[in-house]
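**Student:** Please work out how this folds:
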Amino acid sequence: MDDLDKKVLKELQLDSRISFTKIAKKIGVSTATVSDRVKKLTKEGIICGYTALINTSKLGMVTLITKIKTKPGYNSIREVGEAVAEIAETCCVHHVTGVFDLIVISKCTDYDECGSIIQRMKEIEGVESMDAELVLKTLKEELKVEL
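**Tutor:** Residues are numbered from 1 along each chain as shown. So this is what the prediction gives:
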């Protein structure tokens, strides 16, 4: 990935609905160049898709953060992570260092749903223990990264 790719990605992060023509004008290249770069970045799996960012707090949703420790000797943290990822309310699953093996971010419609999700995670084969926390207030939540 070169500086031009980074410029294209930066513009798309700011507004994924921006046209290739507008990106081209902003960074000083042709529309075809931008189109080719976006196709390449998509093929390489760097661009994974386009979506609307929603302020879930304004919708009254609750954010649940769950830390999961897998059973000693259990074959695959990946298998547990994939099972957790199958839960519809799961937004992120991270394999991490430290006492726990996975950190999971879920978005719930209410506290009862959070309880249900926690119970479903406990029932996944390979889960030894969990620690779950509810977010009281989100101070920053965005997916943009500095390139």
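**Student:** mind listing what Glu128 touches?
**Tutor:** The neighbours of Glu128, taking C-beta atoms under 8 Å, 6 or more residues apart in numbering as the test, are Lys69, Thr70, Lys71, Pro72, Tyr74. No exception for glycine: its C-beta is placed from N, CA and C like everyone else's.
**Student:** For the one helix or strand it maps to, buried residues please.
**Tutor:** For Glu128, the enclosing helix or strand under DSSP states H and E is strand 127-134. Neighbour counts over strand 127-134 (16 or more other C-beta atoms under 10 Å) mark Val127, Met130, Ala132 as buried.
**Student:** for stretch 59-67, same thing?
**Tutor:** Met61, Val62, Thr63, Leu64, Thr66, Lys67.
**Student:** same thing with stretch 114-126?
**Tutor:** Buried positions in stretch 114-126, judged by neighbour count with 16+ other C-beta under 10 Å: Cys114, Ile117, Ile118, Met121, Ile124, Gly126.
**Student:** how close does Asn75 get to Tyr50?
**Tutor:** 36 Å (C-beta to C-beta, to the nearest Å).
**Student:** The most centrally placed residue in the chain: what's it in contact with?
**Tutor:** Centroid-nearest residue in the chain: Cys92, 4.6 Å away (criterion: C-alpha atoms, centre = their mean). By C-beta under 8 Å, 6+ apart, the contact list for Cys92 reads Ile103, Val104, Ile105.
**Student:** Any chance of the residues you listed in TSV with neighbour count as columns?
**Tutor:** TSV is the format used below for those (neighbours: other C-beta atoms under 10 Å):
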residue	neighbour count
Ile103	16
Val104	25
Ile105	16
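**Student:** In helices, which of those fall?
**Tutor:** Taking DSSP state H, every one of the contacts of Cys92 sits outside helices.
**Student:** Show me which of those is closest to Leu9.
**Tutor:** Ile105 (22.9 Å; C-beta to C-beta).
**Student:** Checking the closest residue to that closest one other than its chain neighbours next. Helix, strand or coil?
**Tutor:** Leaving aside its chain neighbours, Ile105 sits nearest to Cys92 (4.1 Å; criterion: C-beta to C-beta, 6 or more residues apart in numbering). What DSSP: H, G, I helix; E, B strand; the rest coil gives for Cys92 is strand.
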